[in-house]
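Mind looking at a prediction? Sequence and model below.
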Amino acid sequence: MSSVKRVNDFTIKIATVNGTGSASANTLLMKSIFRSGVPVMGKNFFPSNIQGLPTWYEIRICPHGHLARSGTVELMVALNPETYGRDVREVAPGGFLLYDSTWPRPVLLSRTDITVIGVPLARLCNENFTGVRTRILMKNICYAGALAALLNLDLGHVRALLGETYGRKPQLLESNMQAIALGYEYVRAHFPCPLPLSIEPLERTGGHIMIDGNTAAALGCVYAGATVAAWYPITPSTSLMDAFKGFCERLRVDPQTGAKRFAFIQAEDELAAIGMVLGAAWNGARAFTATSGPGISLMSEFLGLAYYAEVPAVVFDIQRVGPSTGMPTRTQQGDLLACAYASHGDTRQVCLYPADPGECFQFAVTAFDLAERLQTPVLVLSDLDIGMNDWMVREFQWDDAYRPDRGKVLNAAQIESLEKFHRYVDVDGDGIPWRTLPGVHPKGAYFTRGSGHNSFGAYTEDAAEYQQVLDRLLKKWHTARQLVPRACLDGEGSEIGIVSIGSSDGAVREALALLRAQGIALDYLRVRAFPFGAEVEQFLAAHRLVFVAEQNRDAQLRSLLTLETAVEKGKLRSLLHYSGLPVSSQFIVAGVLAEVHGAAAAPVVSMADTTV
Amino acid sequence: MSSVKRVNDFTIKIATVNGTGSASANTLLMKSIFRSGVPVMGKNFFPSNIQGLPTWYEIRICPHGHLARSGTVELMVALNPETYGRDVREVAPGGFLLYDSTWPRPVLLSRTDITVIGVPLARLCNENFTGVRTRILMKNICYAGALAALLNLDLGHVRALLGETYGRKPQLLESNMQAIALGYEYVRAHFPCPLPLSIEPLERTGGHIMIDGNTAAALGCVYAGATVAAWYPITPSTSLMDAFKGFCERLRVDPQTGAKRFAFIQAEDELAAIGMVLGAAWNGARAFTATSGPGISLMSEFLGLAYYAEVPAVVFDIQRVGPSTGMPTRTQQGDLLACAYASHGDTRQVCLYPADPGECFQFAVTAFDLAERLQTPVLVLSDLDIGMNDWMVREFQWDDAYRPDRGKVLNAAQIESLEKFHRYVDVDGDGIPWRTLPGVHPKGAYFTRGSGHNSFGAYTEDAAEYQQVLDRLLKKWHTARQLVPRACLDGEGSEIGIVSIGSSDGAVREALALLRAQGIALDYLRVRAFPFGAEVEQFLAAHRLVFVAEQNRDAQLRSLLTLETAVEKGKLRSLLHYSGLPVSSQFIVAGVLAEVHGAAAAPVVSMADTTV
Amino acid sequence: MTFIAKPKVTHPALPHNARGLTRRAYEGALSTLCAGCGHDSVTAAIVEACWHLALEPQNLVKLSGIGCSSKTTAYFVSGAHGFNAVHGRMPSIATGANAANRHLNYIGISGDGDTLSIGLGQFCHAIRRNVDMLYIIENNGVYGLTKGQFSASADIGSRAKKGETNRQPPIDPVLLALDLGAPFVARSFSGDKHQLVPLIEAGLNYRGFALIDVLSPCVTFNDHEGSTKSYAYAREHYDPVALTDFVPREQPITVDYPPGEARELALHDGSRIVLRKVGADYDPTDRVAAQAAVRAGSASGEYLTGLIFIQDEATHPDFHRLNATAQEPLNGLPFEQLSPGAAQLERILARFR
Amino acid sequence: MTFIAKPKVTHPALPHNARGLTRRAYEGALSTLCAGCGHDSVTAAIVEACWHLALEPQNLVKLSGIGCSSKTTAYFVSGAHGFNAVHGRMPSIATGANAANRHLNYIGISGDGDTLSIGLGQFCHAIRRNVDMLYIIENNGVYGLTKGQFSASADIGSRAKKGETNRQPPIDPVLLALDLGAPFVARSFSGDKHQLVPLIEAGLNYRGFALIDVLSPCVTFNDHEGSTKSYAYAREHYDPVALTDFVPREQPITVDYPPGEARELALHDGSRIVLRKVGADYDPTDRVAAQAAVRAGSASGEYLTGLIFIQDEATHPDFHRLNATAQEPLNGLPFEQLSPGAAQLERILARFR
Ligand SMILES: Cc1ncc(C[n+]2csc(CCOP(=O)(O)OP(=O)(O)O)c2C)c(N)n1
Ligand SMILES: Cc1ncc(C[n+]2csc(CCOP(=O)(O)OP(=O)(O)O)c2C)c(N)n1
Ligand code: SF4
Ligand code: SF4
Ligand SMILES: [Mg+2]
Ligand SMILES: [Mg+2]
């Protein structure tokens, strides 16, 4: 049996039961690797319940800093008897499997091409700790210790991290340390360490942080000066709101008076949440909500009102698997169409597509600027993968010179100087009218409505007056095209291109590197906003064949490109991944090769994908 | 001044104030013409309030039976001083204007190229009737009498119609007759009759009826055997539900017991309405709702559930002008995209597009058959123009041999004979699984859910299992393609084609006749359902240039064609009409000519369109 | 619907309020409702109340949903911003607007359809949050704008114009509001300006959610015999529990009330509500008793009207007091107080290493 | 979530009900809720009640929304169809299902989030329509499935696990249901099977909308000190108003109740509810008194439990009786009775000429 030998370049998968505290052990491991200077990524595949069901955590270690799933597992930590079968099947040939050898597990011996490592985690913890809950929790910390030994992980990092977490609770700190030691020592005593898979310190994580997209987006909202947040709980958007509240409670409460410089409202549902955001934004506050697919559906009537009555709003859609309730704890990019054309009638909504937590931070700020500048909702389409997983990204930058773009809002003096204020006249030729805020000046008063209105803001049922406003909205749409973030472009002039979006970026980037190694060069465009800018048009025009990689069944990005650019869709080839797991680089490579070599199309679900 | 001379070929427009009872006078006129055997069409442009605002009614008389607006007005009945200005401007040169000459109206004399006819309607009625309300009502009947004289309309028809309406109220009948006579006699005494515009009996309305699409659709629901109707009032869908209730109360109540063989539920909102429909249809009843754009937005979460959990439902969307509340009493085809892809995630909904009340009747039946066969919602997209205006259509046919297609439902014996029932397995290879109804057999029990489920109906978060169901849904979609109504095809093999949808049909048909007279021949395809059948694909492939005529701003039909067929969109030319008035044949002609002759594009709003 | 602009010629002899404005300054566009519609009388009462309170027009914010009633906001105080939201969702717009600026005066106008059917959830939750606003329901028992369907406030036995009899129990917004903890609950009748105007004044000044359910007959669809929301029925079954006077801040009480006959309630801004007895004792500060009285009234077909319940503002904090929001309007806070800056970012990011 | 199929081996010695079925026949899939979750006890009580009533499994229809509580429907009577709707919208599904077939037994399971926040409007209107169903709220004061946010039923002063104190007034579904005219209103506790089982039996058999609000602690997010929905709190503040027994049709009452101590209520199908007194007099047929008692209880932090209010079925017609629907299920009517045929069409079209 030949074992894989890989330094800083392999994937660990940890199979446990949810509600048992494995999350902290996994984070501990991942952060320790990160602090060793080795690029790392963690992805959590958890069930949609609270306790007792199978859950997996994947840690990919990659010296080149690729952020996608590799598609293979070299080291499986199989701690959930219910899933042993599938877990053992998933280990790559030559790989390793660690299990709790307190009880014999013959099924784990079914493969002869992998190395099985038994550590009596339960026994070790039962002998050393008391209390059911403590023993369960410590078992997890214990496997972290075992892995540290197997992978040659610097225990100093583990200790430091535990110290930061439990600094004020010395007892907890001590028992955690003890559990680490139990696993570490046992493994050192019984197995040759390290494994052929190991961590060696590097210096490739400097200037980076490990953060999830929801926390990053929340921080962006704080920095953008958002003051009103209204929402209704829904996975996977909840942590964004929790983080916003947490930051505000630390940063926005007057230490003297306790006065809060923000309003945080748990609404009764998503219809109310978006209504509150519209009310607040109409009244001049930066306001936002976060939700997921079902919430977008419920918000669609109000989104149409906001489009037509020209009310700013920022909505984060942390996409999960649809349709309907779907799989709330799996990822997908399935709301592209629902968001772009949200609501009945002729509507089109500005969308931003961050690819990682760094862009979540940045686009949160951009979203408020655009919403106020364009007086329209801006939807930021993140997803569960970005939002709830820890990503290694560059440290965020902030320019203290930044001031929000509040858009065309007339102040009291400006209103006073007008003969008459007209809400919906295109004064500047860019399709964006001027607005006023309540409470400023009686001459600025106007009536906001979703019913037919003319350029002056008056109710109308007149065909021409109605149409004038609708046509101006299209003009504004063209202005939006110039204001939204440009797409990212990469490549050296191949005749084949690939387009992707959001969280598909990591897999595509890695795939391009792998393909380049095989002599296949593709130019790459990552779309970052809707409407599409001229650069998207140009990219599509400049390539003979364009792959479109996205994570949904119905080729929604390809649909948007087909509708909203001049491209003849014949040259667009879809690479569709929609199993609910983040797309892997392998999937993209296989899809491109199949087309380029004329081979049979790659199966949409790869083996590795079927295992969760 | 030269007057237009036209027999059976002109347009009358009647400008009044709403809430004054002019509707019955207008219907009386239109039906009298119809009974003269002369094809006629009536379109009502009413305001979104109850009383006191301007309202117009257009009657087009056309020997060829064209059903669209002509785009010109030859005879204006100007009874609303508030709109005299625009009304007088709208009369075609050489045309006529009738007004109430009880008071002098100098503004009406501003044009020298039309003939102004003053009839002292108010004075006549004040002298002959008592009571404010009666006088107002009779003034309207009085103008009908005046018009009868001017147009040479057979008073026998007028009398017969009044008799049918007021047969049981002799007093009312008498006063109506008197009002008719007042107008009639006055005009005969003071003006040369008939005008150059006149009605001459024809025999072109035999085998036809005059009916609105909402009544027709309701009748279709009755004939289809629908038993549960749930809705929330919204213009212009309300009359569909009122009609259904009315028919059921006449036809479905047991004369002995008073027991109702239907349930009619006024829901608390649209979310509840569609929920009730889904609950009833899931439980085996034919159930439906009717709504308009805002309701579609609100229903979208539930529509996604129905798509994914495969629950039948029939939804009528009587489209009105959007976005948002828009213009509730104006027409548009603006919900094509919102319906086709309703809800977040990968969803696609079966849609039917009736073009007139005849198809409303027929497609109502088709919709239930398809919904149950395909186990999915079917949305019938009518619009205000079809739904609320009276159309001359062929008498509906009914085949007593028809039996509803209840789709793949297992009965008790079939369930009993199964080893185990699996809800979502593709037994027949057409993507449509078998279902069971509650209350039939415990072995048939399964769990319906919008969360991830596998082919057996069990909850799943497994990537492969989830994807299997999603892929089968696509297969079902392809089956749907073969089951929905074919598109209508017309023409003799031109290289230029035109595609339209729904209520745009009449204008296109007339425009094609007008163009043919100018030597320009186009082939015509009217799309009647989504997904598109092979014939749509073929039509698009077979033509060098294809116009797409529709009534919305964003070219939504063109978008669907671009996305869902192989057509390269470069050859699709949009003719977009979205002012809220029904598109006229002139508009289509101008648009086609502009392209064919390379002339400047026609203005989207023609003069006639700006006047309401 | 404002096809016609109303000329705003101010007659010099018209009376001026404390701000030097005439009633004209508190009017809006010309109503397009049916002649005689109860809603127009509510409009008139609002104009009167705003004038009397000498509000700064721009400090009023007018919010509504969809319906004939919801059009009302266009017909008063044209110097105030208005927001005609979608059907039934005005409460959420109001909540958000109020969150952004706690210092304006929010008035929401809704109908019985808008509030009790499609909007029921939002209505209840706005009460629960105690959003500081005056919420007026123009209650006519029908959907006026969609032509006369029964609404959820139609009484059992009430007959529709077309003859149908309602058999479903009504939802009474007053009972519901009392049940959900609303701190200011009143009922009135569009035909009783004398009662309605001071209630509106009090509601506008009250800090917290103030509900006035106004019987406002629909002359077109629900003013016939057999309707329990007609003018005639309302007049005959009208039972005021107290006469309410509103006394603005800094204004002395000019009338002398006989001892024991009046009761005074002070509001946070120094203004006062004076409740004068009519008939039997009625305690508008006892929620349970109020509920029982309303229920008893309804059972015998009577409309209990007036200020039915009021709670001391101090004992029921409004949304902002509950949340300890800053005093300055959130929409006006300087950016420097909101955005923590680059140096702070460094510190925050430290925990993500 | 049913990853694992539960083996259905029937032990021959298990007791059989009138239909010859053991309790096993009324069980469902294995629960995936947290160990100790109150909801699982409700499941057990439902199983017990259905077994005791000897329901035909396929005649039960199980409906729910979204939440931990809404998963309950998967865990009992696997021979019954289930419909897990979208969040908060189960009442409309139930209304439609019931409209299609009035003869099945409908049980809806919801949570406090599902019912009182997103679903509040539908809940209220299902009551107003008096849909014939048993509606159980598994009330834990939090959103379990989304990890512990306060729900609208959280009491003032109740502390969240993370320390935050709720300051918004709760919505009490029992008060609300009483207010809206619900004819059968009960409250119970998942820990009191003795009380809960007969209430479920009674509710299933009652013709009309029967509500049981069940305190059902969330062990993971709301079972700590300071919570008013914990097991400990519920046990300490538990105040039953009556002991309820349910006696199926054709079954004689086997226990002798001391005279004056029990009160019997007959249901439409001949089954009976027997209410036995505990402590002071309580009249469960007086709506206003019931409301006052519940309110007084809440004010002192007590949970009034048991059958709080019941109305004679005859005096409050359910949806179908109100609408005079045909007796045969609508979903089973022969097509010939529904579609009027070609000859009739001729006559209908005559008026369109
Ligand atoms: C989502 C949606 N559904 C339905 C409608 C149609 N609609 C407009 S007003 C109204 C009811 C109005 O009733 P109410 O609130 O009582 O006002 P009223 O006209 O009686 O004053 C309805 C159903 C709508 N505008 N939007
Ligand atoms: C439209 C929509 N919004 C939000 C959610 C997320 N969600 C799922 S369950 C739930 C709350 C459940 O609370 P409750 O009804 O009290 O049930 P519990 O879990 O406490 O039993 C929420 C908000 C959803 N599924 N759908
Ligand atoms: S329909 Fe009724 S509610 Fe509407 S404006 Fe007319 S009278 Fe008022
Ligand atoms: S989280 Fe709470 S409500 Fe949900 S299953 Fe666990 S204990 Fe029950
Ligand atoms: Mg009303
Ligand atoms: Mg709960």
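Here it is on my side, so go on. Ligands and ions are numbered 1, 2, ... in the order given.

Next up, the contacts around residue A:515.
When contacts are counted by C-beta atoms under 8 Å, 6 or more residues apart in numbering or on different chains, residue A:515 is found next to A:521, A:522, A:589, A:592, A:593. Placement of C-beta: from N, CA and C, glycine included.

one more time with 7 Å
Residue A:515 is in contact with A:522, A:589, A:592, counting by C-beta atoms under 7 Å, 6 or more residues apart in numbering or on different chains.

Sitting in helices, which of these do you find?
A:589, A:592 (DSSP state H).

Give me the residues contacting stretch A:212-221.
By C-beta under 7 Å, 6+ apart, the surrounding residues in contact with stretch A:212-221 are A:239-240, A:243-244, A:247, A:288, A:316, A:318, A:354, A:356-358, A:360-362, A:364-365, A:382, A:386-391, C:348.

Mind giving me the PyMOL select for those, buried ones only?
A single PyMOL command selects the buried members of those (16 or more other C-beta atoms under 10 Å in any protein chain shown):
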select buried, (chain A and resi 239+240+243+244+247+288+316+318+354+356+357+358+360+361+362+364+365+382+386+387+388+389+390+391) or (chain C and resi 348)
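
In helices, which of the contacts of stretch A:212-221 fall?
With helices taken from DSSP H, the overlap with the contacts of stretch A:212-221 comprises A:239-240, A:243-244, A:247, A:357-358, A:360-362, A:364-365, A:386-388, C:348.

Most widely separated two among those?
Spatial extent of those (C-beta to C-beta) is set by the pair A:365 and A:388 at 21.2 Å.

returning to that earlier point: kindly reformat the contacts of residue A:515 as JSON lines containing neighbour count.
Listed next are the contacts of residue A:515 as JSON lines, based on neighbours: other C-beta atoms under 10 Å in any protein chain shown:
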{"residue": "A:522", "neighbour count": "24"}
{"residue": "A:589", "neighbour count": "23"}
{"residue": "A:592", "neighbour count": "25"}
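
tell me, how many neighbours does the residue of chain A found nearest ligand 1 end up with?
Residue nearest to ligand 1 within chain A: residue A:301 (6.5 Å; C-beta to the nearest ligand atom). Close neighbours of residue A:301, defined as other C-beta atoms under 10 Å in any protein chain shown, add up to 30.

So out of everything in the stretch 1-150 of chain C, what residue is nearest ligand 2?
Shortest the stretch 1-150 of chain C-to-ligand 2 distance, computed as C-beta to the nearest ligand atom: residue-wise this is residue C:121, at 12.9 Å.

mind checking how far that residue is from chain B?
According to C-beta to the nearest C-beta, to the nearest Å, residue C:121 stands 9 Å off from chain B.

and that residue, what element?
helix C:120-129 (DSSP states H and E).

counting contacts, what elements does that helix pack onto?
helix C:90-100, helix D:120-129 (3 or more C-beta pairs under 7 Å, 6 or more residues apart in numbering or on different chains; DSSP states H and E).

Just name the most buried of these.
helix C:90-100 (a mean of 31; mean count of other C-beta atoms under 10 Å in any protein chain shown).

Any part of that helix near ligand 1?
No - Helix C:90-100 lies out of reach of ligand 1 by C-beta under 6 Å from any ligand atom, never closer than 10.3 Å.

That helix close to chain A?
Yes - counting by C-beta under 7 Å from any C-beta of the partner chain, chain A has neighbours in helix C:90-100: C:92, C:93, C:94, C:95, C:96, C:97, C:99, C:100.

what residues does that helix touch?
Contacts made with helix C:90-100 from outside it, assessed by C-beta under 7 Å, 6+ apart, are listed as A:228, A:230, A:263, A:265, A:272, A:275-280, A:282-285, A:287, C:61, C:63-65, C:83, C:85, C:106, C:108, C:110, C:119, C:122-123, C:126, C:129, C:131-133, C:319, C:329-331.

I'd like to know how many residues surround the closest residue in space to residue C:22 that isn't next to it in sequence.
For residue C:22, the nearest residue in space outside its immediate sequence neighbours is residue C:14; the separation is 4.0 Å by C-beta to C-beta, 6 or more residues apart in numbering or on different chains. Per other C-beta under 10 Å, the neighbour tally for residue C:14 reads 11.

Surely residue C:14 and residue C:25 touch.
No - under the contact definition of C-beta atoms under 7 Å, residue C:14 does not touch residue C:25, with a separation of 9.7 Å.

tell me the domain ranges of chain A?
With domains defined by automatic domain parsing, chain A comprises A:6-206, A:211-394, A:412-483, A:488-610.

Mind jotting down where the strands sit in chain C?
C:60-64, C:81-84, C:105-111, C:133-139, C:142-143, C:149-150, C:184-189, C:209-215, C:238-240, C:242-247, C:262-266, C:272-277, C:303-310 (DSSP state E).
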